[in-house]
Every structure is written in structure tokens, then in C-alpha cells.
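Asker: fold the following.
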Amino acid sequence: MSVSVLDTFVESTERIQPNQANNYENAHGGEVVRLMDELAAVAAMRVAHETCVTAHIGSVDFQNPIPVGHVATVSAYAYETGGTSIGVRVTVESCDPREDEPSPTTAACFTMVAVDEAGDPTEVPPVVPETDRGATLVETAPC
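Answerer: Take a look at the predicted model:
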């Protein structure tokens, strides 16, 4: 049985607080990666229906800072699977909550591995595009 790419799409929004920032009053890069990692796991679990752990993070591209008080919107979806692994594309956009125009801030591809209750890797079903939007997501996913 396969899983639709669109069924794995998840999004999270968080307002950046001073305790998440560096001395330039922008979100710490590590904090942004933490948010990305958590959502990558959620997207992967929608495929595996098991716990998923991070095996690899591809190049993390920081394009723009996220100032304190701005909203970070993190989006993730699974775009491919192999045996026990799941490729997940994660992007982050930022905007002032008083405005509507977001700007891209960060992007990366994560490789997650599904594990069973004993912590051993377990097989995952394939993800399939099923729609034009799903096909576009798969096409543009690889980092």
C-alpha cells in the first residue's frame, strides 16, 4: 500500500521569542533546525506509522534571518522512500505577523528512518504523487 505525498504534508507556525534568538535578535540557526527536524519527523511518521528518527540532514540553506517577533512557518512533506528511509523536504518562511508577505528563510532535505518499538529499522511503504500538485512537490523536492 502506498501513501500520497499530499497526505504527508504538514505545517507548523511559531512566533520567534527572545529566548530563541542570538545576540543579533534573530532566531538561532540551531533553533530553526530543531523546528525543521521535529516537523520532518511528523511528515515521515505519516508515511511509516512508526516512530521516525533523523539519519541525515542535507545541506541546510539559510537564506534570510528570522527576527524576534516574526512568525516562522515550517512546511514538510515526504517525497521519496527506500527500504526503511523516508526523504523529507522541509522549508521555512518568515513574516511579520502584521503583514501578509512571507519570505523564504531556510530549506533542507532530511533522511528519516522508521524504527519499531525495539528501535530497529522497519520497512516503509512508497510515497506516490497521485496529483499534479504532488508531482510538482516531488519534482522540486531534492536539495
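Asker: number of nearby residues for Asp7?
Answerer: 17 (other Cβ atoms under 10 Å). C-beta coordinates here come from the backbone N, C-alpha and C atoms, glycine included.
Asker: I'd like the numbering to begin with 2 instead of 1 from here.
Answerer: OK, 2 is where the count begins now, so the last one is Asp8.
Asker: now do Ala142, the pLDDT please.
Answerer: The model reports Ala142 with a pLDDT of 89.
Asker: again with Val11
Answerer: 98.
Asker: touching, it and Met46? I think so.
Answerer: No: counting by Cβ atoms under 8 Å, Val11 sits too far from Met46 to count as a contact (9.5 Å).
Asker: test my guess that Ile17 contacts His71.
Answerer: Yes: Ile17 lies in contact with His71 (Cβ under 8 Å); the separation is 5.6 Å.
Asker: which residues are in contact with each of those two?
Answerer: By Cβ atoms under 8 Å, 6 or more residues apart in numbering, Ile17 and His71 have these common neighbours: Ser95.
Asker: quick one, helices of this structure?
Answerer: Assigned by DSSP state H, the helices in the chain fall at 6-9, 30-49, 133-141.
Asker: wait, which of the ones you listed is closest to Val114?
Answerer: helix 30-49 (8.4 Å; Cβ to Cβ).
Asker: and that closest one, what's its mean pLDDT?
Answerer: Taken as a whole, helix 30-49 has a mean pLDDT of 98.
Asker: ok, stretch 76-84 next?
Answerer: Computed over stretch 76-84, the mean pLDDT rounds to 97.
Asker: now that stretch, how far from the centre of its chain.
Answerer: Relative to the centre of its chain, stretch 76-84 is centred 10 Å away, using Cα atoms, centre = their mean, to the nearest Å.
Asker: tell me which residues of it are tucked away?
Answerer: Buried residues in stretch 76-84, counted by 16 or more other Cβ atoms under 10 Å: Ser76, Ala77, Tyr78, Ala79, Tyr80, Glu81, Thr82.
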